[in-house]
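Novice: build me a structure from this.
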Amino acid sequence: MPTLFRFLYWCALIAGIIYAILFSLAYLVEPTPRDATIEIPSERTNPPVDQPAQTPVQ
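Specialist: Presented below is the predicted three-dimensional model:
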């Protein structure tokens, strides 16, 4: 049984360290906002209109 407790102790210790790192990153680090510009080609927003097929006159 002592090896099970030792294993659970190390798992809890590692989980606590990971939780502390995530907590500190969430509350102590401030991201710097910046503008983002994404160019979209006009072919994607205004697709060319296909011409209707001409039926041959008989």
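Novice: so for the longest helix seen in the chain, mean pLDDT?
Specialist: Assignment by DSSP state H gives helix 2-28 as the longest helix of the chain. Taken as a whole, helix 2-28 has a mean pLDDT of 95.
Novice: which element is R44 on?
Specialist: According to DSSP states H and E, R44 maps onto helix 42-45.
Novice: which helices and strands sit right next to that helix?
Specialist: Here helix 42-45 touches no other helix or strand, going by 3 or more Cβ pairs under 8 Å, 6 or more residues apart in numbering; DSSP states H and E. Any C-beta I mention is one placed from the backbone N, CA and C, and that applies to glycine too.
Novice: any idea how far it is from the chain center?
Specialist: When C-alpha coordinates are averaged (Cα atoms, centre = their mean, to the nearest Å), helix 42-45 and its chain have centres 25 Å apart.
Novice: check which helix or strand covers R34.
Specialist: Element membership for R34, per DSSP H and E: none, as it lies in no helix or strand.
Novice: pull the number of nearby residues for it.
Specialist: R34 has 5 neighbours, counted by other Cβ atoms under 10 Å.
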